[in-house]
Structure formats: structure tokens, C-alpha cells
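1. Next comes the sequence, and after it the predicted model I'd like to discuss.
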Amino acid sequence: MKKFMWVIVVTAAAVFLVYHFNVQSKNTRLETALANQYSNQLTSASEKLITLSESIDQTLLFQDKEALNQPLEDVWRLSSDVRDSISALPIDHETSTVWMNYLNRIGNGASLVRQGKIPVEEWQKNMVDARKNLISLSDQWAFTNRNAGNKDYIVTSFVNNKANKENEKNWKALGDSAKAYTESDFPMTASETDKQKKKDLQHIKDSEITVEQVKQKFFKLFPELADATIHITESSKDAPYPFYHVQFHKGIRIGYADFTKKGGHLLSYLMERPFDKTTISVEKMKEKASTYLKSFGYTDTELVEYRENNIAWHLALARKDPNNDALIYADGMHLKIAKDNGELLGLNAMEYIQKENIGEQKIVQIDYQEIFSGDFKVEEERLAYVENKELQQRLAYEILTRNDSIGTHKTYIDTETHEILHTEKLP
Amino acid sequence: MKQLKYILFSLIFCTAGYAFLHEEQPTQAFSTQIVERGAYGDDVIELQSRLQYIGFYTSQIDGKFGYNTYWALRNFQEQYGIPVDGLLGEETKNKLISVSEFNKEFVHEQIKKGNSFTTYGGQNVAKNKQAPSTNMQLPPKYSEKDLDLIANAVYGEARGEPYEGQVAVAAVILNRVEHPDFPNTISEVIFQPLAFTAVADGQIWLEPNERAKEAVLDALNGWDPTENAIYYFNPKTATSEWIWSRPQIKTIGQHIFCA
């Protein structure tokens, strides 16, 4: 009898433990699902706030009515988008209402300026503070991986908060809530990041090269890897354009290079190795970059900018039109150069391979004072080709403007129609 | 008496030695390199701090030589009669050192702590924490938040993969943002239901290592080892039959990348 009791107790304990473990893991899964959901919503709202503040910046940049039209419309549309996003956030109702009203005022203001019912100057005066508020709010909601336990923060601040207030840790209800959030349609129209798609390399007309030829080409381009172990594979038969994938390994160096099958053009190259803490000078780095470009035959490019990072410099280059020295950004190229010894760590020529067809275009003189507001100083100008809405390459004035509180902007204005093709804020 | 002399001499010698060894270190000065826009590191931190000390630079001291630093440096050069080139060369360094001070310990401590701080007029004022900043410089169209989020996804999805495979996963995320069949923002692509295993099983919350961040940095700078893929899967673990119907492009590590 005693034994029987023991069996019952042990069985009950085992069942309880299994049940407890199941419930625990289910709770963890729900917690993760909600943290993902909330993080997505908060991060999206944060991103949209930044996009909105950038559009506001553009309304501060111009005084020309036509130039102002598009950014004002963007502000009106984006403020509406962000309002919808905020209404879906798992935050205190009062807080969200305050912010929604604030965004409503911004949107209405932009609309009234467009209709000429509010002077541009008044709008620009108010928006200097508004943009700061939006950036500050965006920072609060932004995703970060530098605060240890970001998931815990989201769970504590939003998931449990919502559960405690409304459902007393009712996990079933939380599950329903997660489902509701998952099914909710989060507006996606705020993204302004759609840029030119990577070029289609299907139409290269060069003749195909063999595996042996690509091997020779690889060793010719990278003589320092002459004794590396390499493994060459062909792209799958369904690949949009055929290419060779060369994987190499030499001591501490490991990486890959892709070549088009037609013509054997280098698409990209990337190598990984351990790095020393020493740094060569910028002049030396530029010399090295120039040497690499010459040895690869890319002599028609110009260095547009470079960024120093922990182990390497990332360089952006663009092809230069020999007729007018205008930069053709669509024919861009990237280099990655090691800081410790200037070794070439990467090259990306995917966009450079197929050159853009550039047509003739008139250059009509322009008065920048009519375009930009008086608070912005035009610092530099040059010519460049950029895409318009119809995806045509247009010759444009590339104007660098400066304002100490709003920042530095690059604006592209069509040389013939004087249409504002693109504006970007520079860091 | 002789002993007393020896003791006195020893004392003087020790005191002089101590004073010599503990001589105040000179103010931290720049390295010998010419520093220009695009640079990053201790020289830029010192440049920003010194320019802020004398009121030319008002932005965040973050060690990144962007346009705010560039214009501040040019203004300084103009005011002090130095050729205005926006480069931190020897003449500019010497002038800057002679007219400003740099409290290296204070500045680096505030940066390490992530504090908001200023050094204007020698008044070292540390305030509350500011928005965190990475030590990486990104192309203008991307933010540090983008880098963080993709790095988490890459680490969660492909931390056991070769470097090329990690760049490839980051490139797929970016390709999806540009593809009309997917959402238009990085966060929406990553958190799209059923899109990434690491999101579903919570591995996206693991803290990424420097290798994952470097891989993302390369992808943000344009590298795409997948040659425009928008899907990938592990053939050993994939349960979906549909994924096998996608046009395959190439295999990197354990993943097959598809169009």
C-alpha cells in the first residue's frame, strides 16, 4: 500500500513537472512572439518618424514653391501614416493621443502651406523644433542591440504591462492579442527607400568563358593569391544570369570572387582575415586604391567618398562621363581596403559592368537663390547623372548646401527642366 | 655627520626621481597623420573636442568626421588665417593645440559611458545618456538602427556560416526591401510573419558579434554574394516543398540562395 502511494506521488510529481515545463515553454514562446510583434511595430514607427523628419528637413531647404510642393506633400502623407502606426502601438492611450494630435497638426500645417494659407516662413520657423521632437521620439522607440536584454526591456515595458493592466497575466488572452497584432495591417507606404534596382545582367553580349579561363583571370587579377586553394562552381541553371563562383583559401585568408560567365567580368570579391591594430595613412590608402583600380582596368572612375571603419575603409566610386566630367552614380563601384596594410579586401563592380546609355541634354542656367531658402548656403556644385521618376538617367546639378542647425544636404536638379530629382541628407 | 649627508643626499635624489617620474604628461596631441572627411577614431575625437572647446563645433563628439566636423574645421581655419581646405594637417593641428585644450580622460570616459556631454570653454558638462552610437560609418541612406537590426537577424540566422554566407543573409534582407513583393522597410522585412526562423524561435534577440556586424556593414556598402537572391533555405532542415520550386542561384555554406 505504501509502495502504491509512492508510485502515485511520484507520478503526480512527474505529471506536474511536465505540465509546468510545457506551460513555461509555451509562455516563453508567447513572450517571444509578442516581443517580436511589439519590436516590429515600435521600430517601424521609429523608422517612419525619421522619414517624416527628413521630409520636414526638405521643406526647410527650399523656398521655391514648386520645389517645396513635393516635400510638403510627403510630410502630409507621412504624418498620416505615422499617426496610423502610433495608434497601433502597445503604448499608453494618453501618450499615443498626444502624439497623434501633434502629428495631425504637422500634417495639416503642411497641407495649409501647400494651399498658400500659411506663409512658408512661419511653417519653417515652427518645424525647426518639430523635427527635433520627432527624432527624439524615434530614438526612444528605435531598435538597439547595445542595451543588454532588449527583449527583456520590451517584455517588461510593453508585453507584461499590457498583460497586467488588462488581463492579469492571462496568457490565453495574450496569445489572442498577439494574433490580433499579427493580423493587423501595418501601413507600409511610408518607406521612401525604394531606389534603383540592381541592374539586370542578363543582357551582356560578350562570349562565354570556360572554367579554365576564369581560373586564369582570377590569378591574373589577384596575383598575391597565386598559390591559394580555389574551388570553382557555376551558378545554378535557374540563376537570372550565369556566373562562376570562385571560393579561395590561402593561410589566414578566405573569401570568394564571382565572375560573369559572359565576358568573365568581375562581379564582386570579398575576403576575410584577422587584422592588426596598426593603421596606414589616408594618402597611402588612396594610393593603394588608385593602384588597384589601374590594375583592374577601371580607369574611368572617380572616388566619391570613403568611410573609415574598425578594420577597413569602404570607398564609393562612380564612373565619370569623359565629355562633361559628370559622375554617373548608376555605374558605381565599391572597394574595401584594409586599414592595417592597405590590402584589397573587397571589390563590388556589379553595377559598373553594364554601363548606362547617356543621351545629350541641355544645360539651362539656374539661379540657386530662387530654389534654396536663405538659411542654406550653397557650398559646392558639379554635374552628375541621377535617375528621375521614369527611371531615366538625367544630367543634374549636384548642389551641396549647408545649414548649421539643419545639416548638410545634397540636391540634384535637372539641368534642363530644373526639376528637383533627389535630395539627401549627409552625415 | 657623514651618514646624515648620505641620508640627505638619498632623500633629495629620491624626491627628484619621484618628481621626474611623475612629471605631468603633456596634453594629448594628434597623431602625425593628416585627417580628413570620412575618417574615424581618436584623432577625430580630439579634433571635435578641441573645436567644441573654442565654440566651433556644436554637434555630438563621436569620432566620426562628417560634414558637421568638416564645416567647423573650415570655419576654424578661416578665422585663424590657415589655408581653408577642411583637412587636419600639421599647421592646423599646431594652431588648434595652441588655442584649445583637450581633456582626453573626461571625453573618452563620457563616450564610453554613452553620456551626452560638452567641453565648450573648458566646462566639462556630462548630462544624461544620449542615443547610442555605433563605431561604424554607414552609407547615408542607412541608419545605425538598420545596422543593429540586420546584425541581430544575421547572427540569429547564420552565425555558424562562413563570412560570405553572413554577408549573403544581410544582402537578402536588403534585396527584399527593394523587391515589390516584400515590405518596404528593414524592420518589416525582418519581422514579417514566417519570414525568418530566428524571429520565430527568438534567436534574433541574441547579441550579435563583431563579425556579424562587419558582414552587415559590407552588405550595406553594396556587396551581395547572392547575386540578387530574395530567399534562402537550408536543404537539410527545410520543411516547405514550395521553397524547392524557387529558381536557385548559388549555395554558400549550408544555405541555398534563390530568386
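-> Perfect, thanks for sending it. Numbering: from 1, shown residues only, chains lettered A, B, ... in the order given.

2. export the helix or strand containing A:Leu103 as PDB, just CAs?
-> Assigned by DSSP states H and E, A:Leu103 belongs to helix A:93-114. What follows is helix A:93-114, C-alpha atoms only, in PDB (Å, rounded to 0.1, in the frame of the first residue of the first chain):
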ATOM      1  CA  HIS A  93      -3.500  55.600 -24.600                       C
ATOM      2  CA  GLU A  94      -3.000  59.200 -23.400                       C
ATOM      3  CA  THR A  95       0.600  59.200 -24.800                       C
ATOM      4  CA  SER A  96      -0.500  58.000 -28.200                       C
ATOM      5  CA  THR A  97      -3.300  60.500 -28.300                       C
ATOM      6  CA  VAL A  98      -1.000  63.400 -27.600                       C
ATOM      7  CA  TRP A  99       1.400  62.300 -30.300                       C
ATOM      8  CA  MET A 100      -1.300  61.600 -32.800                       C
ATOM      9  CA  ASN A 101      -2.700  65.200 -32.300                       C
ATOM     10  CA  TYR A 102       0.800  66.600 -32.700                       C
ATOM     11  CA  LEU A 103       1.300  64.700 -36.000                       C
ATOM     12  CA  ASN A 104      -2.100  65.800 -37.100                       C
ATOM     13  CA  ARG A 105      -1.000  69.400 -36.600                       C
ATOM     14  CA  ILE A 106       2.100  68.800 -38.700                       C
ATOM     15  CA  GLY A 107       0.200  67.200 -41.500                       C
ATOM     16  CA  ASN A 108      -2.500  69.900 -41.500                       C
ATOM     17  CA  GLY A 109       0.200  72.600 -41.400                       C
ATOM     18  CA  ALA A 110       2.000  71.100 -44.500                       C
ATOM     19  CA  SER A 111      -1.300  70.900 -46.300                       C
ATOM     20  CA  LEU A 112      -2.200  74.600 -45.500                       C
ATOM     21  CA  VAL A 113       1.300  75.800 -46.600                       C
ATOM     22  CA  ARG A 114       0.700  74.000 -49.900                       C
END
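
3. in that helix, what's buried?
-> Burial within helix A:93-114, assessed by neighbour count using 16 or more other CB atoms under 10 Å in any protein chain shown, is assigned to A:96, A:99-100, A:102-103, A:106-107, A:109-114. C-betas here are computed from N, CA, C, even on glycine.

4. Contacts for stretch A:271-285 next, please.
-> Applying CB atoms under 8 Å, 6 or more residues apart in numbering or on different chains, the external contacts of stretch A:271-285 come out as A:248, A:252-255, A:288, A:306, A:311, A:313, A:337-342, A:344-346, B:33-36, B:38-39, B:41, B:163-164.

5. Contact partners for the residue nearest to B:Gln254 when sequence neighbours are not counted?
-> Nearest non-adjacent residue to B:Gln254, counting by CB to CB, 6 or more residues apart in numbering or on different chains: B:Asn234, 5.1 Å away. B:Asn234 is in contact with B:Gln254, B:His255, B:Ile256, counting by CB under 8 Å, 6+ apart.

6. phi, psi of B:Asn234?
-> Main-chain dihedrals, B:Asn234, degrees, to the nearest 10: phi -100, psi 110.

7. What's the separation between it and chain A?
-> The gap separating B:Asn234 from chain A is 16 Å, by CB to the nearest CB, to the nearest Å.

8. What pLDDT is listed against that residue?
-> What the model reports as pLDDT for B:Asn234 is 93.

9. any idea how far chain B is from A:Asp375?
-> A:Asp375 is 14 Å from chain B, by CB to the nearest CB.

10. Which parts of the chain are helices?
-> Looking at chain A here, since you left the chain open. With helices called from DSSP state H, chain A shows them at A:2-61, A:65-87, A:93-114, A:120-141, A:150-154, A:160-162, A:171-183, A:211-221, A:282-296, A:350-353, A:368-371.

11. Hmm, no, I was thinking of chain B.
-> B:2-21, B:42-53, B:67-79, B:90-99, B:104-113, B:144-158, B:163-178, B:186-190, B:197-200, B:210-220.

12. least trustworthy helix or strand in chain A by mean pLDDT?
-> Taking mean pLDDT, DSSP states H and E as the measure, chain A has helix A:171-183 as its least confident helix or strand, at a mean of 32.

13. Show me which residues of stretch A:317-334 are buried.
-> Buried positions in stretch A:317-334, judged by neighbour count with 16+ other CB under 10 Å: A:317-321, A:326-334.

14. Could you export that stretch as CSV, CA atoms only?
-> Output of stretch A:317-334 as CSV, limited to C-alpha atoms (Å, rounded to 0.1, in the frame of the first residue of the first chain):
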residue,chain,number,x,y,z
LEU,A,317,33.4,55.4,-56.7
ALA,A,318,31.4,56.4,-59.8
ARG,A,319,32.2,56.4,-63.5
LYS,A,320,33.0,59.8,-64.9
ASP,A,321,31.5,61.0,-68.2
PRO,A,322,34.5,62.0,-70.3
ASN,A,323,32.5,64.7,-72.1
ASN,A,324,31.5,66.8,-69.1
ASP,A,325,33.1,65.2,-66.1
ALA,A,326,29.7,64.4,-64.6
LEU,A,327,29.6,61.5,-62.2
ILE,A,328,27.4,58.6,-63.3
TYR,A,329,26.3,57.2,-60.0
ALA,A,330,24.4,54.3,-61.5
ASP,A,331,27.7,53.0,-62.8
GLY,A,332,29.1,52.8,-59.3
MET,A,333,31.7,50.7,-57.7
HIS,A,334,32.9,49.9,-54.2
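
15. How about A:Ile420: which residues does it bridge to?
-> Under DSSP bridges, the beta-bridge partners of A:Ile420 are A:Ile413.

16. got a pLDDT number for it?
-> Looking at A:Ile420, its pLDDT reads 90.

17. Let me see the contact set for it.
-> The contact partners of A:Ile420, by CB under 8 Å, 6+ apart, come to A:Phe62, A:Ala67, A:Gln70, A:Ile371, A:Thr411, A:Tyr412, A:Ile413, A:Asp414.

18. The fifth one reaches A:His418, doesn't it?
-> It stands for A:Thr411. No: taking contacts as CB atoms under 8 Å, A:Thr411 lies outside contact range of A:His418: 11.5 Å.

19. Please say which of the two ends up with more neighbours.
-> Taking other CB atoms under 10 Å in any protein chain shown, A:Thr411 and A:His418 do not tie; A:Thr411 has more neighbours (25 against 18).

20. What's the separation between the more buried one and A:Ile50?
-> 19 Å (CB to CB, to the nearest Å).

21. Equivalent analysis for B:Gly41, please.
-> 26 Å.

22. And B:Pro235, by the same measure?
-> Taking CB to CB as the measure, B:Pro235 falls 39 Å from A:Ile50.

23. Settle it for me: which of those two has more neighbours?
-> For B:Pro235 versus A:Ile50, the count of surrounding residues by other CB under 10 Å is larger for A:Ile50: 18 against 12.

24. you'd agree that one is up against A:Ile135?
-> Yes: counting by CB under 8 Å, A:Ile135 is a contact partner of A:Ile50 at 7.0 Å.

25. domains of the chain?
-> Looking at chain A here, since you left the chain open. Domain assignment for chain A by automatic domain parsing gives A:2-183, A:211-353, A:368-426.

26. Chain B is the one I meant
-> Recorded structural domains for chain B (assignment: automatic domain parsing) are B:1-130, B:144-258.

27. when you scan the longest one, is anything in it near chain A?
-> It stands for domain B:1-130. Yes: with CB under 8 Å from any CB of the partner chain as the criterion, chain A is reached by domain B:1-130 at B:33-41, B:58, B:64-68, B:71.

28. Please list only the buried members of those.
-> B:33-41, B:64-68, B:71.

29. picking up where we left off before, buried members of the contacts of A:Ile420 into PyMOL, please.
-> To isolate the buried subset of the contacts of A:Ile420 in PyMOL, counting by 16+ other CB under 10 Å, use the following:
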select buried, chain A and resi 62+67+70+371+411+412+413+414
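
30. and of the contacts of A:Ile420, the nearest to A:Leu17?
-> Set against A:Leu17, the nearest of these by CB to CB is A:Gln70 (63.6 Å).
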